[in-house]
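got a sequence here, can you model it:
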Amino acid sequence: MADITLSEVKRLQITLQRLLGSPKLTVNKPARKGMSVEIAVAGEVVGTVHRDEDEGEVSYAIHMTVLEEDLPAE
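Got it, this is the predicted structure:
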């Protein structure tokens, strides 16, 4: 798996903000090599981004976690 460049991080952030309608969403490059790129909303990490390159085509998979304690009461 290749590392995500700073240019890709910026472009992903713009695209995800537009697609999800949230200007508070940020894509954060990790401080150290080998760590996950994180997606945050208003500073709270909600998921990770993984880059895949296959036969010259690049794609990004997003894994998002929602804790049950964050769901509204029934």
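
now do His50 against Thr65, distance only.
Between His50 and Thr65 the distance, using C-beta to C-beta, to the nearest Å, works out to 14 Å. Using the backbone N, CA and C atoms, a C-beta is placed for each residue, glycine as well.

okay, those two: which has more neighbours?
When His50 is set against Thr65 and neighbours are counted by other C-beta atoms under 10 Å, the residue ahead is His50, at 13 against 9.

now do the more buried one, the pLDDT please.
With respect to pLDDT, His50 scores 92.

these two touch, right, it and Tyr60?
Yes - distance between His50 and Tyr60: 7.0 Å, which falls inside the contact criterion (C-beta atoms under 8 Å).

where does the protein have its least confident helix or strand?
Here the helix or strand of the chain ranked lowest by mean pLDDT, DSSP states H and E is strand 44-54, holding a mean of 92.

tell me the contacts of Thr65?
Residues in contact with Thr65, defined by C-beta atoms under 8 Å, 6 or more residues apart in numbering, are 46-47.

can we see that at 10 Å?
Taking C-beta atoms under 10 Å, 6 or more residues apart in numbering as the definition of contact, the neighbours of Thr65 are 45-48.

okay, and the beta partners of Ile39?
Taking DSSP bridges as the rule, Ile39 bridges to Val27, Gly47.

ok, it to Glu74 distance?
Looking at Ile39 against Glu74, where the rule is C-beta to C-beta, the gap reads 27 Å.
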